[in-house]
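J.: Could you look at this predicted model? Sequence included:
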Amino acid sequence: MNMEGKHYIGAKAILEKKKKYIMPCLGHFYKEPRQIVRGSMQYLFDSEGRKYLDCFAGVSVMNCGHCNPEITKKVQAQVGTLQHVCNIYLTENFVNLAEKLAAVTPGNLQKTFFCSTGSEATEGALLLASICTGNGEIISLRNGLHGRTKLGMSITGIAMWRTDPNPVGGIHFAPNPYCYRCPMGKKPGTCDLACANAIEDVIKVSTSGRPGAFIAETIQGNAGIVVPPEGYFKRVKEILAAHGTLFVADEVQTGFARTGKMFAIEHYGVVPDILCVAKALGNGAPISAFIASAKVADHYTMPGASTLGGNPVSSTAGIAVLDYIAEHHLAEYAEARGRQLRTGLRNLQEKHPIIGDVRGLGLMTGAEFVYPNGSPAPDKLDAVLEALKDRGFIIGKNGVARNVMAFQPPLIITEKNINDVLNALDLVFAKQGI
């Protein structure tokens with residue numbers, strides 16, 4: 001029983017049931033995990049009443065905060081009115097949400113197909129690209145992650161997530177734009193965007209010469225918050241256009257003000273042919289979508305529907321999210337708080353050499369943990385994250401070597417919150433002597 005008089009089974013009992021009833025592929029963070037029972041804006045609470053500053057937002061989902069009262073009130077009203085009909089019947093919310101998405105997405109992106117998960121969105125986007133171009137070949141980036149379906153795993157360039165022993169064919173991988181550990185052995189500023197140019201080599205050497213789609217996360221999240229250099233996507237788009245290949249931007253983690261703009265691709269001055277979104281659009285409600293220009297979208301004429309895609313409740317959440325982001329200027333706010341966070345992390349980097357690199361845009365920021373020789377230090381990161389959890393801070397981790405501390409908090413996090421987590425991090429580093 002917790003301080004509020006409510007009874008919870010506790011973390012130990014959950015782990016026992018999880019082992020018995022949940023497939024073993026699903027892991028969990030921490031050696032001593034806690035049962036999370038309540039959320040309120042940027043805070044989470046466990047079954048024993050302990051409070052945590054959430055710096056991961058359910059992996060870029062709760063951009064507007066946990067149980068945001070402005071959003072929750074609208075969702076609750078919809079739940080009491082109409083919860084579901086399949087989208088082959090006429091309801092108002094999903095077309096209104098599609099209209100609002102057309103207004104905030106880059107360039108001429110106009111028509112939306114709603115589904116429920118990010119995996120569905122990327123899968124649907126690649127289907128649309130194949131329909132539009134007549135070619136099902138796909139180019140993806142090394143270290144990218146695009147979902148847990150068969151195709152999503154096949155286009156994923158991280159070994160730990162490619163669990164399918166027989167991946168789909170016709171997929172080709174290009175080097176990712178990872179400036180800290182450049183796969184081309186180049187240095188920023190003098191590389192002439194060699195990683196982008198390599199895409200043309202892949203097209204010419206490994207494909208028919210006119211692949212249907214190139215897919216990339218604008219910022220590679222699971223790869224370790226890998227931020228492409230300025231000019232990267234412009235060069236890529238030029239190469240793709242010359243070969244009749246569509247650019248699919250995966251904004252499942254980066255969308256909806258996370259990076260200081262509504263969509264991260266806006267930082268690069270490029271309009272993708274198809275845009276994939278999910279996660280933060282629902283602020284906890286399951287919703288996703290792929291969005292395209294009319295020119296591309298209108299090739300999709302064979303019957304298609306998603307039973308739960310854009311249902312009345314999820315669409316209500318999506319509309320409320322877009323309204324909240326605009327009314328509270330969350331993109332501008334994320335930009336300011338992200339600058340504060342990265343400045344603080346770089347100050348810590350000067351004192352604590354365990355931090356090898358700090359990178360990010362807005363409130364999608366990574367700090368890569370390394371040993372003195374530059375090799376990944378995932379064990380050091382795990383120890384730091386455990387200590388921070390015990391101090392009331394939940395921070396994520398990612399990276400191919402699982403050595404990148406990932407900050408993806410609710411965008412309503414305060415200046416004081418950022419200072420608090422930086423101070424706690426400094427204390428933990430000092431205590432652990434790193």
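T.: Okay, I see it. Fair warning: this is a prediction, and the values are worked out from it, not measured in the lab.

J.: Going by C-alpha atoms from here, please, whenever you check contacts or count neighbours.
T.: Noted.

J.: Under the pLDDT cut-off, which ranges of the stretch 251-400 of the chain? List them.
T.: Low-confidence regions of the stretch 251-400 of the chain, defined by pLDDT under 70, are absent; no residue qualifies.

J.: how about the strands in it?
T.: Per DSSP state E, counting those that start in this stretch, the stretch 251-400 of the chain carries strands over the ranges 274-277, 288-292, 355-361, 364-369, 393-394, 396-398.

J.: In TSV: those strands, plus distance to residue 326 and mean neighbour count.
T.: Formatted as TSV, the strands of the stretch 251-400 of the chain follow (distance: least, CA to CA, whole Å; neighbours: other CA atoms under 10 Å):
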stretch	distance to residue 326	mean neighbour count
strand 274-277	18	28
strand 288-292	20	28
strand 355-361	19	21
strand 364-369	19	27
strand 393-394	27	22
strand 396-398	27	21
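
J.: Go through the ones you listed and name the closest to residue 65.
T.: Residue 65 lies closest, by CA to CA, to one member of these: strand 393-394, at 14.3 Å.

J.: from the middle of its chain, how far away would that closest one be?
T.: Relative to its chain's centre, strand 393-394 lies at 19 Å (CA atoms, centre = their mean, to the nearest Å).

J.: Stretch 291-306 too?
T.: The gap between where stretch 291-306 is centred and where its chain is centred comes out at 24 Å by CA atoms, centre = their mean.

J.: Over to stretch 76-94?
T.: On CA atoms, centre = their mean, the centre of stretch 76-94 falls 27 Å from the chain's centre.

J.: buried ones in that stretch?
T.: Along stretch 76-94, these residues count as buried under the neighbour rule (16 or more other CA atoms under 10 Å): 78, 84, 87, 91, 93, 94.

J.: tell me, how many neighbours does residue 296 end up with?
T.: For residue 296, the number of neighbouring residues by other CA atoms under 10 Å comes to 20.

J.: Just flag the most distant two among the buried residues of stretch 76-94.
T.: Comparing all pairs in those by CA to CA, the longest separation belongs to 78 and 87, at 15.9 Å.

J.: tell me, how many neighbours does the closest residue to residue 97 other than its chain neighbours end up with?
T.: Distances taken as CA to CA, 6 or more residues apart in numbering place residue 319 nearest to residue 97, at 5.6 Å, with adjacent residues excluded. In terms of burial, residue 319 registers 23 neighbours under the definition other CA under 10 Å.

J.: go on, residue 216?
T.: Residue 216 sits with 23 neighbouring residues when counted by other CA under 10 Å.

J.: So what touches the strand or helix carrying it?
T.: If you go by DSSP states H and E, residue 216 is part of strand 213-217. Strand 213-217 is touched from outside by 126, 129-130, 136-141, 144-145, 240, 245-252, with contacts defined as CA atoms under 8 Å, 6 or more residues apart in numbering.

J.: Partner strands of that strand and their direction?
T.: Sheet partners assigned to strand 213-217 using DSSP bridges are listed as strand 138-141 (parallel), strand 246-250 (parallel).

J.: May I see those strands arranged in JSON lines, with distance to residue 158 and mean neighbour count as well?
T.: Putting the strands paired with strand 213-217 into JSON lines (distance: least, CA to CA, whole Å; neighbours: other CA under 10 Å) gives the following:
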{"stretch": "strand 138-141", "distance to residue 158": "10", "mean neighbour count": "24"}
{"stretch": "strand 246-250", "distance to residue 158": "16", "mean neighbour count": "27"}
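
J.: Which among those strands is found nearest to residue 308?
T.: Judged by CA to CA, the one of these that comes nearest to residue 308 is strand 246-250, at 21.1 Å.

J.: Figure out which of the strands of the stretch 251-400 of the chain is closest to residue 420.
T.: Ranking the strands of the stretch 251-400 of the chain by their distance to residue 420 (criterion: CA to CA) puts strand 393-394 first, at 9.2 Å.

J.: Pop out the phi and psi values for the residue nearest to the spatial centre of the chain.
T.: Residue closest to the average C-alpha location in the chain (CA atoms, centre = their mean): residue 253, at 1.6 Å. Note on residue 253: backbone dihedrals following degrees, to the nearest 10 are phi -90, psi -30.

J.: could you check the distance from it over to residue 362?
T.: The gap separating residue 253 from residue 362 is 12 Å, by CA to CA, to the nearest Å.

J.: Please identify the buried residues of stretch 204-215?
T.: Of the residues in stretch 204-215, those with enough neighbours to count as buried (16+ other CA under 10 Å) are 207, 209, 210, 211, 212, 213, 214, 215.

J.: and the third one, helix, strand or coil?
T.: Put plainly, it is residue 210. When the structure is split into helix, strand and coil by DSSP: H, G, I helix; E, B strand; the rest coil, residue 210 lands in coil.

J.: Verify the contact between it and residue 243 for me.
T.: Yes: Residue 210 is within contact range of residue 243, at 5.1 Å (criterion: CA atoms under 8 Å).

J.: those helices in the stretch 151-300 of the chain, which residues are they?
T.: Counting by DSSP state H, counting those that start in this stretch, residue ranges of the helices within the stretch 151-300 of the chain are 194-206, 232-242, 294-297.

J.: What is the second one packed up against?
T.: In this structure, helix 232-242 packs against helix 194-206, strand 246-250, with contacts taken as 3 or more CA pairs under 8 Å, 6 or more residues apart in numbering; DSSP states H and E.

J.: Okay, angle between the first one and strand 213-217 too, please.
T.: Angle, helix 194-206 to strand 213-217, by axes from the mean of the first three to the mean of the last three CA atoms, to 10 degrees: 150 degrees.

J.: Please save the CA atoms from helix 194-206 in PDB.
T.: Once non-C-alpha atoms are left out, helix 194-206 reads as follows in PDB (Å, rounded to 0.1, in the frame of the first residue of the first chain):
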ATOM      1  CA  ALA A 194      30.700  11.800 -48.100                       C
ATOM      2  CA  CYS A 195      28.000   9.900 -46.300                       C
ATOM      3  CA  ALA A 196      25.300  11.500 -48.400                       C
ATOM      4  CA  ASN A 197      27.300  10.900 -51.600                       C
ATOM      5  CA  ALA A 198      27.600   7.300 -50.700                       C
ATOM      6  CA  ILE A 199      23.800   6.900 -51.300                       C
ATOM      7  CA  GLU A 200      24.400   7.500 -55.000                       C
ATOM      8  CA  ASP A 201      27.000   4.700 -55.000                       C
ATOM      9  CA  VAL A 202      24.500   2.400 -53.400                       C
ATOM     10  CA  ILE A 203      21.900   3.300 -56.000                       C
ATOM     11  CA  LYS A 204      24.300   2.700 -58.900                       C
ATOM     12  CA  VAL A 205      26.000  -0.400 -57.600                       C
ATOM     13  CA  SER A 206      23.300  -2.300 -55.600                       C
END
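
J.: Any buried residues in that helix, and which?
T.: By neighbour count with 16+ other CA under 10 Å, helix 194-206 contains the buried residues 194, 195, 196, 197, 198, 199, 200, 202, 203.
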